[in-house]
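# pasting the sequence and the predicted model now:
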Amino acid sequence: RALIFPLLIREGKPTPFFTFVLALLFCVFNGYLQGRSLTTYATYPAGWLGDSRFITGFLGWLIGMAINIHSDHILRNLRKPGETGYKIPRGGMFEYVSGANFFGEILEWFGFALACCTIESLAFALCTLFILSSRARQHHK
């Protein structure tokens with residue numbers, strides 16, 4: 001998502017360079033932390049891919065990602081080119097929650113945490129929950 005979403009967004013407010021650098025550093029650090037955890041420290045029993053925790057987590061991750069991608073699509077297409085102003089998104093999970101994109105990402109990373117069952121993946125899911133639920137609340141208001 002960190003690589004694809006920026007390429008898909010249309011014109012809008014420019015992102016400050018410092019914010020871009022912080023986001024890039026966070027993604028690189030978190031990717032390293034998750035990858036290192038899974039390849040060096042995590043051990044799984046034979047048949048882990050058939051375990052109910054992995055399957056449930058994988059499905060949660062997959063559904064969360066689909067919600068996230070669909071919600072981002074709705075948000076990108078709210079306004080016609082050149083149009084400004086606030087619009088309330090409709091459709092998809094926006095019919096149930098005002099921050100459907102945030103909900104999808106939170107679900108995605110809790111699914112990942114369940115599938116991986118590592119402290120690092122849980123820490124990332126919790127950080128995602130705290131940060132995005134705060135942003136979702138602000139957007140809702």
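Structure's in. What do you need?
# next structured bit after the helix ranked longest in the chain?
With DSSP state H setting the assignment, residue counts place helix 52-76 as the longest helix in the chain. Counting by DSSP states H and E, the element after helix 52-76 in chain order, helix or strand, is helix 100-116.
# after that next one comes which helix or strand?
helix 119-140.
# quick one: average pLDDT of that following helix?
For helix 119-140, the mean pLDDT works out to 93.
# which residues sit against it?
With CB atoms under 8 Å, 6 or more residues apart in numbering as the test, helix 119-140 has contacts from 30, 33-34, 37, 97-99, 102-103, 105-106, 109-110, 112-113, 115. For glycine as for every other residue, the C-beta is placed from the backbone atoms N, C-alpha and C.
# please repeat the previous calculation with a cut-off of 7 Å.
30, 33-34, 37, 98-99, 102, 105-106, 109-110, 112-113 (CB atoms under 7 Å, 6 or more residues apart in numbering).
# quick check: buried residues in that helix?
120, 121, 122, 124, 125, 128, 132, 136 (16 or more other CB atoms under 10 Å).
# quick one: it to chain centroid distance?
9 Å (CA atoms, centre = their mean, to the nearest Å).
# equivalent analysis for stretch 48-63, please.
On the basis of CA atoms, centre = their mean, stretch 48-63 sits 17 Å off its chain's mean C-alpha point.
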